[in-house]
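J.: structure of the sequence below:
(one chain, ligands or ions: 1)
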Amino acid sequence: STRIERHHYDVVVIGAGGAGLRAAIEARLAGKRTAIISKSLFGKAHTVMAEGGAAAAMGNVNSRDNWMVHFRDTMRGGKFLNNFRMAELHAKEAPERIWELETYGALFDRTKDGKISQRNFGGHEYPRLAHVGDRTGLELIRTLQQKIVSLQQEDFAETGNYDSRIRVFAETTITELLLDGDRVAGAFGYYRESGEFILLEAPAVVLATGGVGRSYKVTSNSWEYTGDGHALALRSGATLINMEFLQFHPTGMVWPPSVKGILVTESVRGDGGVLRNSDGKRFMFDYVPDVFRKQYAETEEEADRWYEDPDNNRRPPELLPRDEVARAINSEVKAGRGTPAGGVYLDVSTRMPAEVITRRLPSMYHQFKELADVDITKEPMEVGPTCHYVMGGVEVDPDSGAALGTVAGLFAAGEVSGGMHGSNRLGGNSLSDLLVFGKRAGEHAAAYTDSLTAKPRVHTPDVEAAVTTALAPLQRQSGENPYTLQQDLQAAMGDLVGIIRRAGELTDALKRLQELKQRVANVGATGGRRYNPGWHLALDLRNMLVVSECTAKAALEREESRGGHTREDFPQMNPQWRQVNLVCSLDKTGDVHLERKALPTMRDELIELFDRSELAKYMTEDELSRASAEAH
Ligand code: FAD
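T.: Next up is the predicted model:
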């Protein structure tokens with residue numbers, strides 16, 4: 001029989017990025033025995049790669065900033081499709097979560113008078129991103145890990161065992177959630193190094209697994225982002241929303257080919273970098289959409305003055321939300337005004353002294369020097385869009401992070417959850433999202449375990465089924481090659497479900513995904529269970545596939561363009577569609593099912609934060625008359 005290592009916990013947190021670590025801290029502070037699982041090395045999550053900063057309306061650099069302005073910016077960035085309650089909680093609680101990080105030992109860059117410094121970013125009205133140079137995520141992870149170590153030291157002092165209340169299982173992949181009826185009972189997976197199985201029994205699981213970018217070839221995401229948490233949620237009866245909305249970050253490296261997709265932080269533009277086409281033209285002025293016209297400069301002179309005097313000038317159009325900038329770059333390249341490698345130029349070299357560039361953007365300086373042999377203090381960078389972030393994710397209760405659908409005991413936070421960012425996320429709003437909703441998910445997962453009268457039980461046949469599924473690829477040594485399958489999936493998604501979408505291509509994509517499903521059912525891996533990346537990928541593929549199907553289905557259904565979803569055949573935003581979330585679930589046969597669901601209505605006092613004329617750009621006549629009737 002197969003050996004399985006068994007553990008018992010109160011709360012299992014899957015994912016060791018910002019959301020997972022913050023959730024685990026909170027669960028442990030509530031007295032729960034907590035496990036943290038991470039697919040890669042501990043400390044190596046997307047969170048660590050975050051460069052620009054964490055958005056929080058602390059008002060340190062411009063005292064006019066407050067949660068209401070941040071809330072407005074977030075809703076505008078998401079084109080009003082956000083779950084308003086999440087956007088509200090996020091805007092209100094982000095400053096507290098940042099200050100709290102300082103008490104854990106975080107060292108942010110400072111203003112002259114010693115406050116946490118804040119930088120400008122696309123879509124944020126005031127300087128709002130707390131940062132540490134362009135290595136903010138590293139500081140965030142370092143601090144959260146340090147807090148966990150300090151909690152483990154407390155536990156050691158009390159129990160003689162560092163792991164007694166909080167234990168980290170690194171390089172461990174969860175492949176299955178186990179249920180008792182409709183309640184979570186545990187998680188099953190394998191150690192990547194030995195290939196041995198592990199079973200963690202627990203009544204509450206927090207998903208904090210991050211994104212899905214590896215289903216695209218050009219992506220800023222690293223290998224482990226295969227949508228595992230999204231798929232685990234679906235398979236256990238939870239639902240996903242907004243899966244058609246993917247953020248293509250406007251500036252990824254485009255050259256050399258081996259590094260295509262690697263991120264060039266938005267801080268480059270926030271700090272003064274400009275985009276030019278091959279004619280040397282600052283083209284973003286031609287791409288300011290009507291809904292944003294009033295907030296953006298019309299001339300280069302005004303745009304340049306804004307950096308020094310933001311109160312009396314409008315912002316440069318390079319700082320429009322990411323979806324707008326990505327589409328603009330796409331159009332310039334398509335119109336033949338791109339660079340030789342198929343991007344556009346992003347220039348800081350003519351905009352600030354070399355010394356300022358290397359101080360403010362040290363990682364970018366080294367990244368280009370080492371990977372592309374480009375000195376960004378002397379010449380422009382070449383950049384183009386790259387698949388970066390998934391707005392869609394687990395449909396959750398906004399206050400607790402509890403997954404909706406049919407399953408109890410499942411929580412989600414961070415990039416794997418949906419709703420918060422609507423159709424497009426503002427830069428910097430993810431790091432703050434992780435802290436705000438990570439904490440909430442940990443707290444509510446702990447409270448949920450307290451509310452249970454009987455502990456859910458893991459059922460042996462379910463464990464046996466999980467083992468069989470996990471071993472299947474190894475039993476088909478000559479089955480389909482997992483790497484070929486991943487490339488074919490990436491080609492289908494990149495070519496047919498990319499930045500600009502059309503009905504015909506989306507239909508083709510769904511057909512290709514069906515074919516791939518057949519082939520993935522026959523995926524094989526050569527070799528054995530000891531450190532075998534081919535086997536691991538074979539197991540990830542079914543997750544990538546089901547999540548990609550959600551994206552393609554929802555993208556075909558949503559006949560409008562909004563945020564991270566652009567339909568060439570429906571180029572306008574449609575106020576009717578703004579009222580609709582597309583909800584994905586799995587039916588009994590394992591097929592993706594799509595349902596339309598009305599968005600929750602924004603509370604009056606939140607509606608009143610906006611001018612009626614602005615709301616009119618997004619809402620139907622009907623909604624507007626209801627809103628104004630209530631306001632009077
Ligand atoms: P992650 O940090 O992605 O962590 C996910 C964790 O889940 C990892 O530990 C992973 O190993 C684990 N995991 C996944 N699947 C499994 C499984 N099956 N079993 C066990 N463990 C699993 N956002 C900002 O706000 N500001 C920025 O400046 C910024 N810059 C960015 C730069 C880059 C290059 C990238 C890629 C993203 C950036 N983002 C930024 C986005 C932000 O970093 C991410 O959205 C965020 O870090 C996600 O955090 P998370 O905690 O949800 O998940």
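J.: from here on, just use CA atoms for contacts and neighbour counts.
T.: Will do.
J.: now stretch 592-606 - C-alpha only, CSV.
T.: Output of stretch 592-606 as CSV, limited to C-alpha atoms (Å, rounded to 0.1, in the frame of the first residue of the first chain):
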residue,chain,number,x,y,z
VAL,A,592,-17.5,24.2,-16.7
HIS,A,593,-20.9,25.8,-16.2
LEU,A,594,-21.4,29.5,-16.6
GLU,A,595,-24.1,31.5,-14.9
ARG,A,596,-25.0,35.2,-14.9
LYS,A,597,-25.5,36.8,-11.5
ALA,A,598,-26.4,40.3,-10.6
LEU,A,599,-23.7,42.4,-9.0
PRO,A,600,-24.5,43.6,-5.4
THR,A,601,-25.8,47.2,-5.4
MET,A,602,-23.6,49.8,-4.0
ARG,A,603,-24.7,51.3,-0.7
ASP,A,604,-26.0,54.9,-0.9
GLU,A,605,-23.2,56.5,1.1
LEU,A,606,-20.7,55.0,-1.3
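J.: which parts of that stretch are buried?
T.: By neighbour count with 16 or more other C-alpha atoms under 10 Å, stretch 592-606 contains the buried residues V592, H593, L594, R596, L599.
J.: check stretch 574-587 too.
T.: Buried positions in stretch 574-587, judged by neighbour count with 16+ other C-alpha under 10 Å: N574, P575, W577, R578, Q579, V580, N581, L582, V583, C584, S585, L586.
J.: give me the contact list for it.
T.: Contacts of stretch 574-587 with the rest of the structure, by C-alpha atoms under 8 Å, 6 or more residues apart in numbering, involve 80-81, 234-235, 237-243, 550, 554, 558-561, 592-599, 618-620.
J.: kindly report the same for stretch 464-471.
T.: Stretch 464-471 is contacted by residues T175, E176, F188, F197, L539 when judged by C-alpha under 8 Å, 6+ apart.
J.: rewinding a little: could I have the buried ones of the contacts of stretch 574-587 as ChimeraX selection syntax?
T.: The ChimeraX command for the buried members of those (criterion: 16+ other C-alpha under 10 Å) is given here:
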select :80,81,234,235,237,238,239,240,241,242,243,550,554,558,559,560,561,592,593,594,596,599,618,619,620
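J.: quick one: which of the contacts of stretch 574-587 sit in strands?
T.: If you go by DSSP state E, the contacts of stretch 574-587 have L240, I241, V592, H593, L594, E595, R596, K597, A598 in strands.
J.: so what's the last one bridging to?
T.: Meaning A598. According to DSSP bridges, the partner residues bridging A598 are V580.
J.: how many neighbouring residues does the nearest residue to R28 once chain neighbours are set aside have?
T.: Nearest residue to R28 in three dimensions, chain neighbours excluded: T34, at 6.1 Å (C-alpha to C-alpha, 6 or more residues apart in numbering). Other residues near T34 come to 29 when the count uses other C-alpha atoms under 10 Å.
J.: need the pLDDT of T34.
T.: Listed pLDDT for T34 reads 98.
J.: got the phi and psi for the spatially most central residue of the chain?
T.: By C-alpha atoms, centre = their mean, the chain has its centre lying nearest to E415, at 3.4 Å. Dihedral pair for E415: phi -60, psi -30, per degrees, to the nearest 10.
J.: do the same with the one 10 residues further on
T.: The phi/psi pair for R425 (degrees, to the nearest 10) reads phi -90, psi 140.
J.: quick one on the thing from earlier: using CSV, lay out the ones in strands among the contacts of stretch 574-587 together with pLDDT.
T.: Formatted as CSV, these follow (pLDDT from 0 to 100):
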residue, pLDDT
L240, 98
I241, 98
V592, 96
H593, 97
L594, 97
E595, 97
R596, 98
K597, 98
A598, 96
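J.: show me which pair in the residues you listed is furthest apart.
T.: Maximum pairwise distance among the ones in strands among the contacts of stretch 574-587 (C-alpha to C-alpha): 19.5 Å, between V592 and A598.
J.: could you pull out the helices for the stretch 501-632 of the chain?
T.: Using DSSP state H, counting those that start in this stretch, the helices of the stretch 501-632 of the chain run over residues 503-520, 533-557, 575-578, 604-607, 612-615, 621-631.
J.: correction: the previous question concerned the stretch 51-200 of the chain.
T.: So, for the stretch 51-200 of the chain - with DSSP H, counting those that start in this stretch - the helices run 67-77, 84-104, 136-159.
J.: report the backbone C-alpha coordinates of the last one in CSV.
T.: Looking back up the chat, that one is helix 136-159. Extracted C-alpha coordinates of helix 136-159, given in CSV (Å, rounded to 0.1, in the frame of the first residue of the first chain):
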residue,chain,number,x,y,z
THR,A,136,8.8,46.2,-1.8
GLY,A,137,7.5,42.6,-2.1
LEU,A,138,10.8,41.4,-0.7
GLU,A,139,10.4,43.5,2.4
LEU,A,140,6.8,42.4,2.8
ILE,A,141,7.7,38.7,2.7
ARG,A,142,10.8,39.2,4.8
THR,A,143,8.7,40.9,7.5
LEU,A,144,5.9,38.4,7.5
GLN,A,145,8.4,35.5,7.7
GLN,A,146,10.1,37.2,10.6
LYS,A,147,6.8,37.6,12.4
ILE,A,148,6.2,33.9,11.9
VAL,A,149,9.6,33.0,13.2
SER,A,150,9.0,35.2,16.3
LEU,A,151,5.7,33.4,16.9
GLN,A,152,7.4,30.0,16.6
GLN,A,153,10.0,31.2,19.1
GLU,A,154,7.2,32.1,21.5
ASP,A,155,5.7,28.6,21.0
PHE,A,156,9.1,27.0,21.6
ALA,A,157,9.5,28.9,24.9
GLU,A,158,6.1,27.5,25.9
THR,A,159,6.1,24.0,24.5
